[in-house]
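S.K.: Here's my sequence, what's the structure:
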Amino acid sequence: MNAPDLSELTRALVEKLRDDHLDEADALYQQMCETHPAAHDMVVFPVLIAIQRGRSLDALLHINGLQAQRCPELRALCLQMLGDPSWHGEASALLDSPDPAIRKAMQQLLRQPTEG
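M.R.: Now for the predicted structure:
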């Protein structure tokens, strides 16, 4: 029997997160990591699972344990969730990111109008 496709697992995981089925989302992420080594690089999933469980500090510690400057947008989100005032400066600095998805996410986090 073939392992499920990574994109199929990703869609299922996003659905579990959206529906707040966090144990199932975590199990899917573990399955993804076991069957598709590239899934270990999908840092957003364990971070969002931790945040949705109310464990923003665990999410931040996870991000801080990664290579320097990896996922700065998730770091800004975690800091904001923790009430750390430095989140604003980090999010503002990312408004000039070359990545349009990061720019849009930071505009939303900062409650600014998003670019078209």
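
S.K.: how close does the residue nearest to the spatial centre of the chain sit to Pro113?
M.R.: Closest residue to the average C-alpha location of the chain: Val44 at 2.6 Å, with Cα atoms, centre = their mean. With distances taken as Cβ to Cβ, to the nearest Å, Val44 is found 24 Å from Pro113. (Glycine included, C-beta is placed from N, CA and C.)

S.K.: in the chain, which spans are helices?
M.R.: For the chain, the helices defined by DSSP state H occupy 6-18, 22-35, 44-52, 56-64, 72-82, 86-93, 100-109.

S.K.: Save those helices as a markdown table, and put in mean pLDDT too.
M.R.: Shown next, in a markdown table, are these (pLDDT from 0 to 100):
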| stretch | mean pLDDT |
| --- | --- |
| helix 6-18 | 93 |
| helix 22-35 | 94 |
| helix 44-52 | 94 |
| helix 56-64 | 93 |
| helix 72-82 | 94 |
| helix 86-93 | 95 |
| helix 100-109 | 94 |
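
S.K.: before we move on, back to that, test my guess that the residue nearest to the centre of the chain contacts Cys71.
M.R.: Yes: counting by Cβ atoms under 8 Å, Cys71 is a contact partner of Val44 at 7.5 Å.

S.K.: ok, so what distance separates Gln112 from Pro37?
M.R.: Gln112 is 37 Å from Pro37, by Cβ to Cβ.

S.K.: Between those two, point out the one with more neighbours.
M.R.: Neighbour tally, Gln112 and Pro37, criterion other Cβ atoms under 10 Å: the higher count belongs to Gln112, 13 against 9.

S.K.: Contacts only, for the more buried one.
M.R.: By Cβ atoms under 8 Å, 6 or more residues apart in numbering, the residues touching Gln112 are Leu95.
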